[in-house]
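J.: quick one: sequence and predicted model below, then my questions.
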Amino acid sequence: MIIDYNMGLLRNLHKLKKKCLVVGWCHLGNGEKQKSRQKEENMMLYDFIITINNEMKEEFEKNYGKKGIKIEKIVNFLDDNLVRKRAEVEINENFGEYLVSVGALTERKNHKELINGFNNYLKNNETALNLVIIGEGKERINLENQIKKLRLEKRVFLLGRRENPYPYIKNSKLFVLPSHFEGFPVVLMEAMILGKMVVAKSNGATREVLNSKMDSYGILVENIEETLQYVIKEQLEIDSNRKKWEEKSLLRSKEFSQEKAKIKINNLIEKILR
């Protein structure tokens, strides 16, 4: 059996001389049909495809389920004990009270909308609250120019990449994920493990993590630029509301523990080998 993590063999799968059971574990994309004829032919060589969210699973089922490929879903899992342990490290910087976002500085991660939303909050409120963004990428210059244009140099901090972002998340008042799209929002779950109130831009992956049939575990918004200021005023600044979201966040994070993931993976292996 071959387990093709993140479908890295897709381009060359036809070169395998010996036929064996092939399982693809897909972490990127949305299950769309392949544009390359060779890749599309190679898709037919997979026996199972494991996806990490419902949207991806549904798209794979639509495009390949009828062709005999079995589609399963196992969400990414986290070592919650390690996250908590690494969060205990002290940080030297002092940002006062702050919101935090962690992610590469790319258009997809959508920090421009977050900065504009935070600016809208500052314009309408006297506050010491700041914004900290951890990550590096090709949008840095554009974001720096945006910060200068809005005169937020003393309120918005681009820290670049941090090997250990967890202490910054732990010490924040609120975690914000502004991404247009996520395969599975690992950093969102890490913030929830640390008991943070979370706000995320609504997309397939964030809806799956923060919503269930029974409850909501974080705040989903369609437009962070327009909505963030109201979330801060109506939820973050009211202690009882903030604590409610923090408790829900911690409760939801337990659904993505290593223990539960091991059970799902073992069940899937048994199913594959039958």
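T.: That came through, no problem. Numbering: from 1, shown residues only.
J.: okay, CA-based contacts and neighbour counts for the rest of this
T.: Fine.
J.: the helices in the stretch 151-274 of the chain, which residues?
T.: 166-170, 186-193, 204-210, 224-231, 239-253, 258-273 (DSSP state H, counting those that start in this stretch).
J.: among these, which comes closest to Leu129?
T.: Closest to Leu129 of these is helix 224-231 (CA to CA; 11.7 Å).
J.: what packs against the closest one?
T.: If contacts are counted by 3 or more CA pairs under 8 Å, 6 or more residues apart in numbering; DSSP states H and E, helix 224-231 sits against helix 111-124.
J.: list the contacts of the helix it packs on.
T.: 105, 131, 143, 146-147, 150, 152, 156, 178-179, 223-230 (CA atoms under 8 Å, 6 or more residues apart in numbering).
J.: okay, angle between that helix and helix 224-231 too, please.
T.: 40 degrees (axes from the mean of the first three to the mean of the last three CA atoms, to 10 degrees).
J.: now that we have the contacts of helix 111-124, which of them are buried?
T.: Among the contacts of helix 111-124, the ones that count as buried by 16 or more other CA atoms under 10 Å are 105, 131, 143, 146-147, 152, 156, 178-179, 224-229.
J.: looking at the residues you listed, which is nearest Lys39?
T.: Ser179 (28.3 Å).
J.: for that closest one, phi and psi?
T.: Note on Ser179: backbone dihedrals following degrees, to the nearest 10 are phi -60, psi 140.
J.: how about the nearest residue to it, chain neighbours excluded?
T.: Lys109 (4.1 Å; CA to CA, 6 or more residues apart in numbering).
J.: what number of residues lie near the one you found?
T.: 20 (other CA atoms under 10 Å).
J.: same question for Ile265.
T.: With other CA under 10 Å as criterion, Ile265 counts 13.
J.: same question for Pro165.
T.: Pro165, neighbours per other CA under 10 Å, totals 21.
J.: distance-wise, check it relative to Ile134.
T.: To Ile134, Pro165 is 7 Å away according to CA to CA, to the nearest Å.
J.: for Val23, see how far away Ile49 is.
T.: From Ile49 to Val23 the distance is 6 Å (CA to CA).
J.: for the worst-scoring helix or strand of the chain on mean pLDDT, which strands pair with it and how are they oriented?
T.: Here the helix or strand of the chain ranked lowest by mean pLDDT, DSSP states H and E is strand 2-5, holding a mean of 74. Strand 2-5 has the following sheet partners, assigned by DSSP bridges: strand 22-25 (parallel).
J.: tell me the mean pLDDT for the strand it pairs with?
T.: Within the predicted structure, the mean pLDDT of strand 22-25 is 84.
J.: center of this protein - which residue?
T.: Pro185 (1.5 Å; CA atoms, centre = their mean).
J.: now do the contacts for it.
T.: The neighbours of Pro185, taking CA under 8 Å, 6+ apart as the test, are Ala205, Thr206.
J.: for it, give me phi and psi.
T.: phi -80, psi 80.
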